[in-house]
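> Fold the following, please.
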Amino acid sequence: MNWFNLLYERNSGRADEPDKPRPEGFRLFVHTFLRNWWGLIGLNILFFFSCLFLITIPAALAAVTRVCICMLRGEAVAVLEEYWKTFRECFLRSLAGGGILAVLLALTGYGAVIYGKAMAENGLLAAPFVILLLVFLLLLMSSFTLFQMVVFSELKISRILKNAVFLTLICPGRHLLVLAVLTGLIVLYTLCFPYSTVALATIVLSAFGLFACNVLWPVTRSRVFLEE
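Numbers count the residues shown, from 1 in each chain. The predicted structure is shown next:
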């Protein structure tokens, strides 16, 4: 019965009272997490199973982004309803943007690996290795805001990709913070495997999504949507 309520209950958490000032920064993340932890578990389970087919990963990322930002806004979110609505409506747009980005990541990542191995014999190849590695990291960090624009804007995919890279370049600190947390979670997961798989399937993915949106949504909102 608890699992049924987790996935099908009307709302995740309560809407914030409009008269009370809302916290900002990291306190907003903690505040939102504590108010919506039950819904975040349901969101994590939805996302985890939605990603079993690789082609559905971009749409799942878009849906998680939508739900997390709604939570950060203080809205009472119907997780299942909001998730699948966004999943369906943004499937093609997210697949196009995510697909292009995935191809670019694969090409730059593969190139960095090849040059990384070859530079052991030829030091001159260190330059293209560093360039490809930096481009790979830039593209990876750009993905953090890409799905925010896929969900909340009607911009063309080419413009969204350009904006995502632009936001990474003008606000590298916030993007590096999210990347550092992601790297730490990957290391922690590897060290604690296989026991960490339980946490990954129940709360880690949605919690990271909430954290990333908390850090980067203000940048996207102010720079792309021109909202303070």
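> buried set for stretch 175-183?
The neighbour-count check on stretch 175-183 (16 or more other C-beta atoms under 10 Å) flags 175, 178-179, 182 as buried. Backbone N, C-alpha and C define where each C-beta goes, glycine included.
> want to throw the residues you listed into CSV with pLDDT, secondary structure and distance to Ser153?
Listed next are the buried residues of stretch 175-183 as CSV, based on pLDDT from 0 to 100; DSSP: H, G, I helix; E, B strand; the rest coil; distance: C-beta to C-beta, whole Å:
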residue, pLDDT, secondary structure, distance to Ser153
His175, 96, helix, 19
Val178, 96, helix, 20
Leu179, 96, helix, 23
Leu182, 95, helix, 24
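> those helices in the protein, which residues are they?
Counting by DSSP state H, the segments of the chain that form helices are 2-8, 25-50, 57-72, 79-89, 91-118, 126-152, 157-170, 172-192, 196-199, 205-223.
> residues near Glu89, how many?
Other residues lying near Glu89 total 15 when counted by other C-beta atoms under 10 Å.
> Quick check: it vs Ala63, distance?
9 Å (C-beta to C-beta, to the nearest Å).
> again, but for Lys162
24 Å.
> Neighbour count for the two, which is higher?
Taking other C-beta under 10 Å, Lys162 and Ala63 do not tie; Ala63 has more neighbours (30 against 13).
> Do you know the pLDDT at that one?
Looking at Ala63, its pLDDT is 96.
> Same question for Pro128.
Here, the pLDDT recorded for Pro128 equals 88.
> which residues touch it?
111, 115 (C-beta atoms under 8 Å, 6 or more residues apart in numbering).
> Recalculate using a threshold of 7 Å.
Contacts for Pro128 (C-beta atoms under 7 Å, 6 or more residues apart in numbering) come out as Tyr115.
> ditto for His31
Counting by C-beta under 7 Å, 6+ apart, His31 makes contact with Pro23.
> Can you tell me how far it is from Gly74?
9 Å.
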